[in-house]
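Student: got a structure for you, letters missing:
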């Protein structure tokens, strides 16, 4: 780890959105946040679903977290609120230093099951983090590669419920 | 284009699954298809959601298509059956020859709206194909970058319905 840097919630402002451009997974979500800020549809320093790690003034790692309601849970048994985690990314120069693990540990600290849909080439990382492949169901998963983290007492939903 | 090669449905068999390994977007879906074939859970030459283009004996381009029922439609107005399109990919040596466009044209030929969630760096292609960015809604879209193709008479769902 080599750092006592904390995970912190990221606020929507021009500095954050400028820093987001350094991450590879920059997409429609970020573009929308920028447009909403420019159009005064959201206030400066509004909350965002993003959490990140700063070193000094620079954002070096981030992820997005959203709590999905139990009524939309098609992954866990018993069905329950769970966290969807996306856009976990550590800037290239800061990789292999434990920041990815620090973000995932933060997500686990809510003691809810977690679902993520990572880039295909990151499966080894997620396996080390204790995530397992969901049983692929085409109607549910389509183009996703869902990986799940099951806290104690939680299982994957079985086929008969799908 | 420079080819009269047709788009064809791909059957699940060892040859197809071996060819899938040459595509970058190889994930849990393909692994599951392989396991199901090995475990006799699906028969050899079963139908798959994949369509592809062969040159001679070699699969050079593919995509997956699935018809989502109107009751799960959160994108189009009026709500209706639509096609989810994923894993559109042309092997590197065969790019810029119209095969991607040929697959998308095939998908459009069903005259249903289409939704896709492409890799961020392919937006220019999708724009040329007439796709537009969906209005990003976090609860619905999470980590996706949804792009939509709207046939005549179809609009995007507006915010009040979300």
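Tutor: Arrived safely, thanks for sending. All values derive from a computational prediction rather than experimental measurement. Residues are numbered from 1 along each chain as shown, chains lettered A, B, ... in the order given.
Student: If residue A:55 is in a bridge, with which residues?
Tutor: Beta-bridge pairing for residue A:55 (DSSP bridges): residue A:58.
Student: before we move on, what about residue A:11?
Tutor: Applying DSSP bridges to residue A:11 yields these beta-bridge partners: residue A:47.
Student: what about it, how many neighbours?
Tutor: 14 (other CB atoms under 10 Å in any protein chain shown). Using the backbone N, CA and C atoms, a C-beta is placed for each residue, glycine as well.
Student: Surely it touches residue A:42?
Tutor: No. Look at residue A:11 against residue A:42 with CB atoms under 8 Å: they stay out of range, at 10.3 Å.
Student: and stretch A:17-37, which residues are buried?
Tutor: Within stretch A:17-37, the residues scored as buried using 16 or more other CB atoms under 10 Å in any protein chain shown are A:17, A:19-20, A:23, A:25-30, A:32-34, A:37.
Student: Then stretch A:62-71?
Tutor: A:62-65, A:68.
Student: Keep only those that also lie close to chain B.
Tutor: Among the buried residues of stretch A:62-71, the ones lying near chain B by CB under 8 Å from any CB of the partner chain are residue A:64.
Student: can I assume residue A:31 sits in a strand?
Tutor: No. Residue A:31 is assigned helix when assessed by DSSP: H, G, I helix; E, B strand; the rest coil, not a strand.
Student: how close does it sit to chain B?
Tutor: Distance, residue A:31 to chain B, by CB to the nearest CB, to the nearest Å: 8 Å.
Student: Is residue A:73 in contact with residue A:83, as I believe?
Tutor: No. Using CB under 8 Å, residue A:73 and residue A:83 do not qualify as a contacting pair, with a distance of 11.1 Å.
Student: Would you list the phi and psi of the nearest residue to residue A:101 once chain neighbours are set aside?
Tutor: Leaving aside its chain neighbours, residue A:101 sits nearest to residue A:129 (6.7 Å; criterion: CB to CB, 6 or more residues apart in numbering or on different chains). Per-residue torsions, residue A:129: phi -80, psi 0 (degrees, to the nearest 10).
Student: What is the burial count for residue A:129?
Tutor: Residue A:129 has 19 nearby residues by other CB under 10 Å.
Student: ok, so what distance separates it from residue A:53?
Tutor: 16 Å (CB to CB, to the nearest Å).
Student: Out of the buried residues of stretch A:62-71, which is nearest to chain B?
Tutor: Among these, residue A:64 lies closest to chain B (CB to the nearest CB), at 6.8 Å.
Student: Provide a list of residues in contact with that closest one.
Tutor: A:29, A:48-51, A:85-87, B:142-143 (CB atoms under 8 Å, 6 or more residues apart in numbering or on different chains).
Student: Residues in a beta bridge with it, which ones?
Tutor: residue A:50, residue A:86.
Student: if I read this right, residue A:26 contacts residue A:19, doesn't it?
Tutor: No. Counting by CB under 8 Å, residue A:26 stays clear of residue A:19, with 10.5 Å between them.
Student: Quick check: the residue positioned nearest the centre of chain A vs chain B, distance?
Tutor: Taking CA atoms, centre = their mean, the centroid of chain A lies closest to residue A:85, which sits 2.6 Å from it. As judged by CB to the nearest CB, residue A:85 and chain B stand 8 Å apart.
Student: List the beta-bridge partners for the closest residue to that residue other than its chain neighbours.
Tutor: Using CB to CB, 6+ apart and skipping the chain neighbours, the partner closest in space to residue A:85 is residue A:116 (4.4 Å). When bridges are taken as DSSP bridges, the partners of residue A:116 come out as residue A:85, residue A:147.
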